[in-house]
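Colleague: got a predicted structure here, sequence first:
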Amino acid sequence: MNTIHKLNRSHFIQKLVLFFILVLFFNSCSFNQKKDNSILNVSITSKNDSLQNFQKKRNKPTLRVIVSSMISPKETRIYYQDLFTYMSKNLDYNIEFLQRKTYKEVNDLLIDNKVDLAIICSGAYINKSAKDKIEILTVPVVDGKPFYQSFIIVNKDSKIGSFNELKDKKFAYTDPISNSGTLYAKWLVKSLGENVDTYFSKTIYTYAHDISMQLVAKGIVDGASVDGLIFNYIKKHDPERVKNLKIIKKSELFGIPPVVVPDNLDSELKSKLQNLFLNIHKDSLGKSILNKISIDKFIKGKDIDYNNIRIMNSQIK
């Protein structure tokens with residue numbers, strides 16, 4: 001009886017822990033897509049700045065930069081901190097780092113000239129709201145190429161081995177206009193002759209690729225579509241986080257998430273920014289910063305590299 005009692009108690013505790021995980025999950029992800037209008041503003045300054053130096057910094061011009069939260073907001077800030085500190089020092093600008101929850105909100109800030117520079121998702125770049133309003137400044141080169149892929153992932157213990165086996169399963173997207181996290185998966189559904197609104201039993205938007213990975217790893221959803229760059233970065237730097245995942249499909253190559261600016265940004269500032277990105281890999285400090293975020297260098301981007309995303313997006317409608 002004692003053994004049975006302990007087993008029942010253990011089972012109850014496991015169910016209780018799962019319940020709390022689900023509560024946290026439902027609050028952090030978006031089944032009903034409640035809008036979050038909060039914005040994070042972070043001034044990038046050195047930890048060793050004295051009050052006097054900080055006062056001097058306040059008199060510098062400010063560069064407003066924003067990064068789409070392709071990874072969770074906290075990790076995004078950590079990921080790009082050194083790059084923006086480098087920019088601040090070399091451009092002699094204060095850097096104001098902004099974040100929004102959704103890719104659309106980031107695009108809106110660009111279009112309304114409320115930011116000067118952004119790193120955005122490829123799906124956000126080709127979105128109709130951004131047409132003729134933003135332009136590519138540079139693009140990163142990763143593993144020797146300015147392209148990336150979307151990965152369809154499932155739990156490593158899952159018997160699911162192909163995308164069509166995800167029919168009637170729970171599936172995680174990232175952001176509604178994400179290419180690797182949403183558009184590609186929806187295009188796969190359409191290519192099967194299925195309805196994107198009914199193919200999966202339940203779909204959610206997590207608004208971060210690493211969160212989608214966590215949910216698949218914990219078995220909370222059956223599959224997800226994620227950015228291959230982020231998956232490979234986590235696999236390299238924190239393999240424990242992806243050890244319970246397997247990739248069942250990889251997309252064709254897409255134009256990589258670009259660095260963009262508003263099309264009417266001051267030409268002198270635009271030139272300074274572009275020169276900084278194009279040359280950052282040429283000095284030892286810049287190179288070490290790029291190595292930490294798995295980027296080889298930055299090059300001038302080509303709009304034509306995003307045409308296959310545009311075609312895919314048009315076929316989803």
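Modeller: Arrived safely, thanks for sending.
Colleague: for Ile289, which non-adjacent residue is closest in space?
Modeller: Closest residue in space to Ile289, ignoring its immediate chain neighbours: Asp82 at 4.7 Å, by CB to CB, 6 or more residues apart in numbering. Just so you know, the C-beta spots here come from the backbone N, C-alpha and C atoms, and that holds for glycine as well.
Colleague: that neighbour: neighbour count?
Modeller: By other CB atoms under 10 Å, 17 other residues sit near Asp82.
Colleague: from what I see, it and Leu290 are in contact.
Modeller: No - counting by CB atoms under 8 Å, Asp82 sits too far from Leu290 to count as a contact (9.5 Å).
Colleague: mind listing what the nearest residue to Lys156 once chain neighbours are set aside touches?
Modeller: Setting aside the residues directly before and after it, Lys156 is nearest to Lys246 in space (CB to CB, 6+ apart), at 4.6 Å. The contact partners of Lys246, by CB atoms under 8 Å, 6 or more residues apart in numbering, come to Ile153, Val154, Asn155, Lys156, Ser158.
Colleague: where's Ile204, which helix or strand?
Modeller: strand 202-205 (DSSP states H and E).
Colleague: which strands or helices does that strand pack on?
Modeller: strand 170-173 (3 or more CB pairs under 8 Å, 6 or more residues apart in numbering; DSSP states H and E).
Colleague: what is the mean pLDDT for the strand it packs on?
Modeller: Across strand 170-173, pLDDT averages out at 98.
Colleague: ok, residues contacting it?
Modeller: Contacts of strand 170-173 (CB under 8 Å, 6+ apart): 29, 181-182, 185, 200-206, 212, 215-216, 220-225.
Colleague: among those, which are in helices?
Modeller: Secondary structure defined by DSSP state H assigns Ala185, Ser212, Leu215, Val216 of the contacts of strand 170-173 to helices.
Colleague: related to what we said a few turns ago, partner strands of the helix or strand hosting the residue nearest to Lys156, with direction?
Modeller: Element membership of Lys246 [criterion: DSSP H and E] is strand 245-250. Strand 245-250 has the following strand partners under DSSP bridges: strand 150-155 (antiparallel).
Colleague: give me the mean pLDDT for the partner strand.
Modeller: Throughout strand 150-155, pLDDT has a mean value of 98.
Colleague: cool, stretch 66-73 as well?
Modeller: The pLDDT scores in stretch 66-73 average 79.
Colleague: same check, this time on stretch 191-198
Modeller: 96.
Colleague: so Val260: helix, strand or coil?
Modeller: Secondary structure assignment for Val260 (DSSP: H, G, I helix; E, B strand; the rest coil): strand.
Colleague: measure how far the strand ranked longest in the chain is from the centre of its chain, please.
Modeller: What stands out as the longest strand in the chain, according to DSSP state E, is strand 134-141. How far strand 134-141 lies from its chain's middle: 16 Å, per CA atoms, centre = their mean, to the nearest Å.
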